[in-house]
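Undergrad: Fold the following, please.
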Amino acid sequence: MNRYDKEERIIQTFQDLKRRRIKIFPLNFNNILLYRLIHNKLLWKTWTDASSKNALPPDFYNNKFKLMMDVMRIDDHTFVDKNGRVINRHNEQESQITKQLIDKNKTIKEIAEAGNLFINPYCGLEGHNDHNYKLYVDNFKRVIEKHIQKIEKYKNNHPGFKTMFFVFDESTPYIKLIDCEVPKGPGELMTGDLHCWWKDSNMLNILKDSNIDYLIWITPFKIFKSFPKVRYPLAAIYNVSKIKFNKNIKYELDELESLER
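TA: Sure, this is the predicted structure:
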């Protein structure tokens with residue numbers, strides 16, 4: 001159990017973002033309308049929540065505008081073990097701590113049920129072993145591909161509807177190192193360029209030749225409190241058919257490092 005187990009809370013996180021932190025590709029009437037249909041809390045009421053286990057997928061649909069949306073989560077520390085099990089130490093630890101707290105305190109239980117309990121667990125891992133770019137790319141591909149396989153079922157449930165993927169990205173910010181090694185201790189500096197996640201071909205290329213019409217990608221934890229002048233997007237909206245895949249950035253798997261160490 002954690003705050004973002006409920007899809008509605010993920011949508012609320014997007015609605016709380018300022019417009020200037022959201023990139024739209026391309027910036028046209030249809031994409032602006034799409035943005036408003038989700039970001040505007042009054043217009044959001046035109047959607048039907050189908051995220052419960054007893055409802056037909058995907059998670060949300062809008063009969064008026066013929067849209068359906070599937071919500072998914074990715075991060076940069078989940079891995080698949082040798083037995084094919086998906087392991088997320090952070091979520092496991094968070095769920096354990098949450099359960100311990102709510103079992104002991106009624107007030108904390110009420111806070112958790114309202115979605116206002118935030119826990120950042122320590123899993124005993126440091127730096128590259130905790131967050132790394134290869135796991136980030138692997139998770140993005142694994143989750144997107146899994147949901148792409150379900151699109152035909154969605155279309156059967158909602159004929160004629162456009163398909164939208166809403167990706168809630170819980171990864172840390174990354175930097176492409178320039179002429180330096182990864183810092184090995186506190187206080188050591190590293191020089192590099194910020195990772196342009198919204199133009200990352202390792203991620204976006206998975207959308208090629210898919211049946212996805214739109215992608216909303218939100219990255220609420222890529223925040224630079226130590227660099228107040230950094231203007232970094234926290235979300236992006238794409239019309240997938242309009243993505244210029246040849247204009248995106250190709251990153252090598254070993255050249256990016258997480259800024260959370």
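
Undergrad: mind listing the strands in the stretch 101-250 of the chain by residue range?
TA: Secondary structure of the stretch 101-250 of the chain (DSSP state E, counting those that start in this stretch): strands at 162-169, 174-177, 192-194, 214-218, 235-239.

Undergrad: export those strands to TSV and tack on mean pLDDT and mean neighbour count?
TA: Yep, even glycine has a C-beta here, placed from its N, CA and C like the rest. Listed next are those as TSV, based on pLDDT from 0 to 100; neighbours: other C-beta atoms under 10 Å:
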stretch	mean pLDDT	mean neighbour count
strand 162-169	98	22
strand 174-177	90	19
strand 192-194	88	14
strand 214-218	99	22
strand 235-239	98	22
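
Undergrad: show me the contacts for L17.
TA: Taking C-beta atoms under 8 Å, 6 or more residues apart in numbering as the criterion, L17 is in contact with H39, I218, P220, L234, A235.

Undergrad: before we move on, the earlier item: include distance to N132 when you put the strands of the stretch 101-250 of the chain into a markdown table, please.
TA: Putting the strands of the stretch 101-250 of the chain into a markdown table (distance: least, C-beta to C-beta, whole Å) gives the following:
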| stretch | distance to N132 |
| --- | --- |
| strand 162-169 | 15 |
| strand 174-177 | 9 |
| strand 192-194 | 15 |
| strand 214-218 | 20 |
| strand 235-239 | 22 |
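
Undergrad: if I pick N132, what's in contact with it?
TA: N132 makes contact with D76, H77, E257, S258, according to C-beta under 8 Å, 6+ apart.

Undergrad: picking up where we left off before, who wins for proximity to D49 among the strands of the stretch 101-250 of the chain?
TA: Among these, the nearest to D49 by C-beta to C-beta is strand 162-169 (12.9 Å).

Undergrad: Pairing partners for the closest one, with directions?
TA: Sheet pairing for strand 162-169, assigned by DSSP bridges, gives strand 67-74 (parallel), strand 214-218 (parallel).

Undergrad: Just the angle for it relative to strand 235-239, thanks.
TA: Strand 162-169 runs at 160 degrees relative to strand 235-239, counting by axes from the mean of the first three to the mean of the last three C-alpha atoms, to 10 degrees.

Undergrad: For stretch 57-72, list every residue counted as buried.
TA: P57, P58, D59, F60, Y61, N62, L67, M68, M69, D70, V71, M72 (16 or more other C-beta atoms under 10 Å).

Undergrad: next one: it to chain centre, how far?
TA: 17 Å (C-alpha atoms, centre = their mean, to the nearest Å).

Undergrad: Right, I'll leave it there.
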